[in-house]
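# Build the 3D model from these lines:
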Amino acid sequence: MKARWFISLSLVSALIFWSGLSWAQQPKYGGVLKVAYASDILRFNLNQGPPPGYEVYWVWNNTHNSLVTLDPDFNIVPDLAETWDVLDDGRVYVFHLRKGVKFHDGTDLNAEAVKFNFDRILDPAMKSWVRVFYEAVEKVEAVDDLTLRVVNKEPFGALLQTLAGYFQGVPVGSPTAIKKHGEDWLRHPVGTGPFIFKEWKPGERVVIERNPHYFKKGLPYLDGVEFHIMRDPLAAITSLRTGAVDLVARVTVRNVPLVEKFPGIVLRSGPDRAPVIALVNMRHKPFDDLRVRKAVAGYGINRAEIARVVYLGKAKPLVSIIPEGVQDYLDLNEMYPYDPAKARALLKEAGYDERNPLRYTIVTNNDDPAFADIAAMMKEQLAKVGVEIKIEIMDKSSWLDKVIRRHEFEQTLEDFAALLDINQRSVSFFVDAPSNYMGMQDHRPAELIRQWRRALDPAERQRISHDLQRIMAENLYWINICGSPYFQAHRDYLEGYPFYNELYMFFETAWLKK
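All right, here's what the predicted structure looks like:
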């Protein structure tokens, strides 16, 4: 089979497609957009290592490009690849790169450069957390300067979606810069994007400036973007109200009613694509025992009450591994109704009672006050079944290191990764993967996701997705509490900015009407 894909992104179509601008409202050049972040920046590793956190992704969304990307309606569209061919039922993909694209250091974007970035993700020594997405890839070849061939071991129907929508796929960085800076390249990212990395002061800000040689002619409009670290959510929205910042990347739910009252502010949201997780570490007792997991994460938790109280009724309880807004969601809430008596009986069966109570620590971070509120409600609910919980709250950077990289926790609570589909969550389905945070030893989820990736029929994919959701819930390998409603707010003079509901934050078509 040979499929030929081509989409032209001229300036006119880009303006219509990306920003929905009316003909009467022409964009203006100039100005610096100021964005408030709740968490610090860790490192710019382009998926070539451990997960860096959404704040980092949102920066490199604007400094780097990928082969393909998503439009605001989540359709796959060209980026560095102008066209592509799908051959041999998805066993071979041939990407035809744009001519004349330059990295910010002046070196050429070519097929060898893209292959270099692909190979680093595929290299086991790099310990890339997204490597499991590409396990079907046999080799990546630079056919000539502008032609890249990806050869797969088997049909890989999900490759384009993976490259376009999963954490920006393979963001392409300058091989010259990576080789020049050695390990310190994590502090010197060099891409092809609409903005050039200029300054990074940890704990304070990141500054990016307009790329005058961007390959999408006429873009970007902004002179630059400043990302300011503001850990206090109220301080961030106060700065938004006064105009000290133009956009708040995340508005906490408790501040939504306040923001709604501010004149000149646009509040944006969408269907729940991210869950609030409460993962337990099954590498150690007591959570290696399914009875304990069912007691403390199944019947002992009143998910509906947490969603109603903490998220003001703007979230729904969630047992399935994926939220309601994600493709092929399966409602499994009836599997674990709130039943303290059943939870207490399971704990007793596992050896825990009044004389030997279960005690453990929940670790979360201060990225959103809702996390501490949820942990407090879980502590109160589980106290009714004889469980004693200690709550530890950390800053986001320390939490990422402790939980995501070192897996040193008993139970952890946060909101996790906005998703397109269940495959995007599959980085945690593989027993030996760095993102198997919970220490799962069951190989069935990995085998099912491989079937999902091979399947071309949407109905077959849905069946496999539903089977996966049931296995994860029945065994409580992955524990969700409720959906995580995501809100973002900006001044009404920010135009041409497409909202991606936490997945991405692109500013290449944004401009300031002031």
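
# Would you map the helices across this structure?
Per DSSP state H, the chain carries helices over the ranges 11-14, 54-63, 111-122, 159-165, 175-181, 233-242, 256-261, 290-294, 303-310, 340-349, 369-383, 396-399, 444-454, 458-474.

# which of those is buried the deepest?
With neighbours taken as mean count of other CB atoms under 10 Å, the helices of the chain reach their highest mean count in helix 54-63, at a mean of 24. No exception for glycine: its C-beta is placed from N, CA and C like everyone else's.

# Please state the offset of it from the chain centre?
11 Å (CA atoms, centre = their mean, to the nearest Å).

# follow-up on the earlier one: could you save the helices of the chain as CSV and add columns showing mean pLDDT and distance to residue 193?
Formatted as CSV, the helices of the chain follow (pLDDT from 0 to 100; distance: least, CB to CB, whole Å):
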stretch, mean pLDDT, distance to residue 193
helix 11-14, 41, 15
helix 54-63, 93, 4
helix 111-122, 97, 14
helix 159-165, 95, 16
helix 175-181, 94, 13
helix 233-242, 95, 25
helix 256-261, 94, 29
helix 290-294, 98, 43
helix 303-310, 96, 37
helix 340-349, 98, 50
helix 369-383, 96, 32
helix 396-399, 90, 24
helix 444-454, 94, 28
helix 458-474, 96, 32
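
# So which of those helices is nearest residue 35?
Nearest of these to residue 35, taken as CB to CB: helix 54-63 at 8.1 Å.

# need the helices of the chain in CSV with distance to residue 196, can you?
Below are the helices of the chain laid out as CSV (distance: least, CB to CB, whole Å):
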stretch, distance to residue 196
helix 11-14, 20
helix 54-63, 7
helix 111-122, 17
helix 159-165, 23
helix 175-181, 12
helix 233-242, 25
helix 256-261, 32
helix 290-294, 48
helix 303-310, 40
helix 340-349, 55
helix 369-383, 35
helix 396-399, 25
helix 444-454, 36
helix 458-474, 40
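
# what residues are up against residue 121?
By CB atoms under 8 Å, 6 or more residues apart in numbering, the contact set of residue 121 is 47, 48, 128, 130, 131, 134, 170.

# Correct me if wrong: the first one contacts residue 172.
If I follow you right, that is residue 47. No - using CB atoms under 8 Å, residue 47 is not in contact with residue 172; the gap is 10.8 Å.

# burial measure for the closest residue to residue 307 other than its chain neighbours, as a count.
The shortest distance from residue 307 to any non-neighbouring residue, by CB to CB, 6 or more residues apart in numbering, is to residue 482 (4.0 Å). Counted by other CB atoms under 10 Å, the residues lying close to residue 482 total 27.

# For residue 482, give the beta-bridge partners.
For residue 482, the beta-bridge partners under DSSP bridges are residue 276, residue 317.

# Check it and give its pLDDT.
Looking at residue 482, its pLDDT stands at 97.

# what sits against the nearest residue to residue 325 once chain neighbours are set aside?
Once flanking residues are discounted, residue 325 sits nearest to residue 271: 2.9 Å by CB to CB, 6+ apart. With contacts defined as CB under 8 Å, 6+ apart, the neighbours of residue 271 are 323, 324, 325, 501.

# distance of residue 271 from residue 255?
Between residue 271 and residue 255 the computed distance is 21 Å (CB to CB, to the nearest Å).

# Select from the contacts of residue 271 the one having the most neighbours.
In terms of neighbour count, residue 323 stands highest of the contacts of residue 271 at 25 neighbours, by other CB under 10 Å.

# Could you pull up the residues touching it?
So residue 323 contacts 271, 272, 273, 274, 275, 329, 419, 480, 483, 484 (CB under 8 Å, 6+ apart).

# hmm, try it at 7 Å
Taking CB atoms under 7 Å, 6 or more residues apart in numbering as the criterion, residue 323 is in contact with 272, 273, 274, 275, 329, 483.

# Any idea how many residues pack against the residue lying closest to the fourth one once chain neighbours are set aside?
In other words, residue 275. Closest residue to residue 275 apart from its sequence neighbours, by CB to CB, 6+ apart: residue 480 at 4.1 Å. Neighbour count for residue 480, taken as other CB under 10 Å: 27.

# coming back round to it: go through the contacts of residue 121 and name the one nearest residue 182.
Of all the contacts of residue 121, residue 182 sits closest to residue 48, with 13.4 Å by CB to CB.

# from the contacts of residue 271, which single one is nearest residue 191?
Using CB to CB, residue 501 comes nearest to residue 191 of the contacts of residue 271, at 23.5 Å.

# Report pLDDT for the residue nearest to the closest one when sequence neighbours are not counted.
Leaving aside its sequence neighbours, residue 501 sits nearest to residue 270 (CB to CB, 6+ apart; 3.7 Å). Reported pLDDT at residue 270 in the predicted model: 90.

# I figured residue 270 hits residue 502, correct?
No - between residue 270 and residue 502 there is no contact under CB atoms under 7 Å: 8.2 Å.

# neighbour count winner among those two?
Just comparing residue 270 and residue 502: by other CB under 10 Å the higher neighbour count belongs to residue 502, 24 against 16.

# what about that one, distance to residue 99?
Separation of residue 502 from residue 99 (CB to CB) stands at 34 Å.

# can you check residue 233 too?
Residue 233 is 46 Å from residue 99, by CB to CB.

# again with residue 472
Applying CB to CB to residue 472 and residue 99 gives a distance of 45 Å.

# got a list of what residue 56 touches?
Going by CB under 7 Å, 6+ apart, residue 56 touches 41, 42, 44.

# Name all residues that make contact with the first one.
By CB under 7 Å, 6+ apart, the contact set of residue 41 is 55, 56, 59, 200, 202, 206.

# In terms of pLDDT, where does it sit?
Residue 41 carries a pLDDT value of 84.

# Use 890 as the first number for this chain going forward.
Let's use 890 as the start, then, which means that last one is residue 930.

# wait, what's in contact with residue 1138?
924, 925, 926, 947, 1377.

# For the residue nearest to residue 1401 when sequence neighbours are not counted, grab the count of nearby residues.
Of all residues not flanking residue 1401 in the chain, residue 920 sits nearest, at 4.0 Å (CB to CB, 6+ apart). Using other CB under 10 Å, residue 920 has 19 neighbouring residues.

# these two touch, right, residue 920 and residue 1399?
No - in this structure, residue 920 is not within contact of residue 1399 by CB under 7 Å, at 9.6 Å.

# circling back: roughly how far apart are the residue nearest to residue 1164 and residue 1242?
In this structure, residue 1369 lies at 28 Å from residue 1242, with CB to CB as the measure.

# outside of stretch 1180-1199, which residues touch it?
Against stretch 1180-1199 from outside (CB under 7 Å, 6+ apart): 1167, 1169, 1175-1176, 1204-1207, 1225, 1227-1229, 1231-1232, 1235-1236, 1238-1239, 1259, 1262-1263, 1266-1267, 1270-1271, 1274, 1276, 1365, 1368, 1370-1371.

# no wait, stretch 1385-1398
By CB under 7 Å, 6+ apart, the list of residues contacting stretch 1385-1398 reads 903-904, 907-908, 910, 916, 922, 947, 950-951, 959, 961, 1083, 1105, 1108-1109, 1111, 1114, 1157, 1159, 1162-1163, 1307, 1375, 1377, 1379, 1399-1400.

# Filter those residues down to just the ones in strands.
Secondary structure defined by DSSP state E assigns 922, 959, 1114, 1157, 1377, 1379, 1400 of the contacts of stretch 1385-1398 to strands.

# what residues are up against the fifth one?
Residue 1377 is in contact with 1137, 1138, 1139, 1140, 1157, 1388, counting by CB under 7 Å, 6+ apart.

# Backbone torsions only: list them for the last one.
With angles defined as degrees, to the nearest 10, residue 1388 shows backbone torsions of phi -90, psi 120.
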